[in-house]
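Q: Pasting the sequence and the predicted coordinates here, then a few questions.
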Amino acid sequence: MGIYLNPNNDNFKEITKRDIYVDKTMMIRAINSIMQTSNKYICVSRPRRFGKTFAGNMLSAYFSKGCDSRELFSHFKIGRDESFESNLNKLNVIKIDMNSEYQNERDKDKLLENMQDKIVNEFREQFPDIDFTQRESVGNSILKAYAQKNEKFVVIIDEYDVLVRENVSEKLFSEYLGFLNGLFKSDTLRPAISLAYITGILPVIRDRVQSKLNNFREYTILDAGKLAEFIGFTSGEVQELCEKYNVDFSEMKRWYDGYKQRGFEIYNPESVIMSIEDESFSSYWSKTSTYAVISDRIKQNFDGTKDDVIKMIAGESIDIDVFMYMNTMTEFISKDDIFTYLIHLGYLDYDREEKKCRIPNKEVLEEWQRAVSVVDEYKVTDKIIKASKELLSETLKGNGKAVAESLDMSHIHVTSNRSYNNEDALQSAIYLSFIYALNKYTIVKEMTTGKGFADVVFIPYVPNIPAMIIELKRNDSTESALNQIKEKKYFDSLAQYSGNLLFVGINYDENKKTHTCKIEQFIKE
């Protein structure tokens, strides 16, 4: 048993002892199915706090000859699976946390040299009858153990991309590429490695790194393939946790859901756990990251960036080409590069069928709101957002003039280069003007109600505030909008709010580019 070579299972055991633990061990079955095949080189990229390290610790505990994990896994799903015995503690594991190695190394330029020395020293301890030279590489050590003893290896590298993300010297970076090349591109070593499993925030860098790792199969936040349900918590898993700990599932969904993968609704696992432990819903994102990641990127303001940012803050999805991005931290040449980068970091969700991205949930939306508040180009956006709390208050008082004035500002702001008279733009203007209402309401566009579709419906999830139905008209009148709500009985599906329900009629004059608004309280006859 070593630190790097054949570690014990303590890290995984510690995770399973948390009060809140979700069983992800069936990921082992998926990995077992591709062991010792041409797909045995795997790169899994996920945002921070989505379980990369957890998964690596779990795989290490399962494969490592340095421990006996039968009892540990027998209580979980994989323990009842027919593949359980196939590789249980039968392989040599080399486990490297590149972030830890980098942060703890005092002489950065000697990082690879010192790290390999430590790993090879463990080879000497575990294989004392093999002659390892003074400056043996990890790759050659694996080869000697395989050639002389038929020992096979699983290589797990957590945060493989840390030297790409950090501003390291050219010398260190070149040595790192040589290290990767020696491990993963050698035909001689190929039969000795049963599995290579590397993780990072970014997929394989499409530059010099790709030439060293082009034999890796990638499972990314853009498309996690067969590993989709193991990236974050699924909706079913979160619902079970909410039932167990008596937590409002709909509120959990609103805060931390929003990432879609191969038919699964994926939640941010760390935020879900912290929310349950703290018994509150809050933004935990900023505890491990910062909105400056967003603001630094949108300051670049490539053509169309500002328009699309405002659309997404206003609740829309935008078109994106995710295949031009080089997966680096520096080479951004278009808004698509910026948004793809932010998808990989978890600040946006990607719909692979629609080829669109959007802000996934309330927690992340708050980070976007903080980001635009410090970028000069978004002063108007920030002003509208900060005014939205007062606007909601005035709306509940029946102040239609305040609504109209806010829409005059937000409508032109969200449309920019698009057709100003587009009905979707007006709906987005309403969403942006009332963005504070997300703290009290679920906002539904085109909701099926009564004899048709209500344009926008505000359904409260906090007590003692009215529901609202908004109907939009163009070149007509507010009275016509209110009459349509009544005649088509849009209120039928909101019968429980009778007496505590507002009808909001909005008319937009295309020629004057102005809005009028009238608000009525619904009194059931």
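A: Nice, thanks for sending it over.
Q: Beyond the least confident helix or strand in the chain by mean pLDDT, next helix or strand please.
A: In the chain, no helix or strand scores lower on mean pLDDT, DSSP states H and E than helix 208-213, which sits at a mean of 68. Next helix or strand after helix 208-213 toward the C-terminus (DSSP states H and E): strand 217-219.
Q: Show me which residues of that next one are buried.
A: 218-219 (16 or more other CB atoms under 10 Å). Heads up, the C-betas are built off the backbone N, CA and C, glycines and all.
Q: now for the next helix-or-strand element following that strand, which elements pack on it?
A: Using DSSP H and E, the helix or strand that follows strand 217-219 in sequence is strand 233-234. Secondary-structure packing of strand 233-234 (3 or more CB pairs under 8 Å, 6 or more residues apart in numbering; DSSP states H and E): strand 264-267.
Q: outside of the strand it packs on, which residues touch it?
A: The list of residues contacting strand 264-267 from outside it, by CB atoms under 8 Å, 6 or more residues apart in numbering, reads 228-229, 231-235, 237-238, 252-253, 256-257, 259-260.
Q: For ChimeraX, write a command that selects the buried ones of those.
A: Burial among those is assessed by 16+ other CB under 10 Å; the matching ChimeraX selection reads:
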select :228,229,231,232,233,234,237,238,252,253,256,257,259,260
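Q: Would you check the contacts of strand 264-267 and say which has the weakest pLDDT?
A: The member of the contacts of strand 264-267 with the lowest pLDDT is I231, and it reads 84.
Q: burial measure for the residue nearest to that residue when sequence neighbours are not counted, as a count.
A: The spatial neighbour of I231 that comes closest, neighbours along the chain excluded (CB to CB, 6 or more residues apart in numbering), is A224 at 4.9 Å. A count of nearby residues for A224, using other CB atoms under 10 Å, gives 22.
Q: right, and the pair among the contacts of strand 264-267 with maximum separation?
A: A228 and M252 (20.0 Å; CB to CB).
Q: Same question for stretch 61-68: list its buried residues.
A: Buried, per 16+ other CB under 10 Å, within stretch 61-68: 61-67.
Q: shouldn't V414 be in contact with K311?
A: Yes - if you go by CB atoms under 8 Å, V414 and K311 touch, sitting 6.5 Å apart.
Q: if you count what's nearby, which of those two comes out ahead?
A: V414 (29 against 22).
Q: Quick one: list the elements packing against the one helix or strand the more buried one maps to.
A: Secondary structure assignment for V414, by DSSP H and E: helix 400-415. Here helix 400-415 touches helix 305-313, helix 379-396, helix 423-433, strand 501-509, strand 514-521, going by 3+ CB pairs under 8 Å, 6+ apart.
Q: just how off-centre is the third one within its chain?
A: So that's helix 423-433. 26 Å (CA atoms, centre = their mean, to the nearest Å).
Q: For it, buried residues please.
A: For helix 423-433, using 16+ other CB under 10 Å, the buried residues are 425-433.
Q: Including distance to R49 and pLDDT, could those residues go into a markdown table?
A: Output for the buried residues of helix 423-433, formatted as a markdown table (distance: CB to CB, whole Å; pLDDT from 0 to 100):
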| residue | distance to R49 | pLDDT |
| --- | --- | --- |
| A425 | 35 | 81 |
| L426 | 37 | 84 |
| Q427 | 33 | 85 |
| S428 | 30 | 87 |
| A429 | 33 | 90 |
| I430 | 33 | 92 |
| Y431 | 28 | 92 |
| L432 | 28 | 92 |
| S433 | 32 | 95 |
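Q: shared neighbours of V414 and K311, which are they?
A: S428.
Q: Name the spans of the protein whose pLDDT lies under the cut-off.
A: Applying pLDDT under 70 to the chain flags residues 206-212, 288, 416-422, 498, 524-525.
Q: Nearest the middle, which residue of it would you pick?
A: Taking CA atoms, centre = their mean as the criterion, G346 is the residue nearest the geometric centre of the chain, at 3.1 Å.
Q: check contacts around it.
A: Counting by CB under 8 Å, 6+ apart, the residues that G346 touches are 47-50, 221, 259, 268, 360, 364.
Q: Tell me, how many residues neighbour the closest residue to R135 other than its chain neighbours?
A: In this structure, R135 finds its nearest non-sequential neighbour in D117, 8.0 Å apart by CB to CB, 6+ apart. Number of residues near D117 (other CB under 10 Å) recorded here: 15.
Q: D117: what secondary structure?
A: Recorded secondary structure, D117: helix (DSSP: H, G, I helix; E, B strand; the rest coil).
Q: Please apply the same query to the one 5 residues further on.
A: Classification of E122 using three-state DSSP returns helix.
Q: residue contacts, it?
A: Counting by CB under 8 Å, 6+ apart, E122 has contacts 2-5.
Q: how far away is V154 from F123?
A: 15 Å (CB to CB, to the nearest Å).
Q: what do you get for V238?
A: For V238, the distance to F123 - CB to CB - is 43 Å.
Q: Over to M468?
A: Taking CB to CB, one finds M468 at 68 Å from F123.
Q: what does I485 give?
A: Taking CB to CB, one finds I485 at 75 Å from F123.
Q: ok, now E105?
A: E105 is 20 Å from F123, by CB to CB.
Q: Which one's more surrounded, the two?
A: Looking at E105 and F123 with other CB under 10 Å, you find the greater number of neighbours at F123, namely 23 against 16.
Q: Name the nearest residue to the more buried one, sequence neighbours excluded.
A: Nearest to F123 is S141, by CB to CB, 6+ apart, at 4.5 Å.
Q: I figured the one you found hits V120, correct?
A: Yes - with contacts counted by CB under 8 Å, S141 reaches V120, the gap being 5.2 Å.
Q: Among those two, which residue is more densely surrounded?
A: Between S141 and V120, S141 has the larger neighbour count (other CB under 10 Å), namely 24 against 21.
Q: what sits up against stretch 473-485?
A: 400, 421, 423, 454, 469, 471-472, 490-491, 503, 505-511, 516-518, 520.
Q: now swap in stretch 512-524 and tell me
A: 395, 398-401, 403-404, 407-408, 411-412, 420, 466, 477-479, 481-482, 491, 497-499, 501-509.
Q: Can you select the buried ones among those residues for me in ChimeraX?
A: Typed into ChimeraX, the line below selects the buried ones among these, using 16+ other CB under 10 Å:
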select :395,400,403,404,407,408,411,466,478,481,482,491,497,501,502,503,504,505,506,507,508
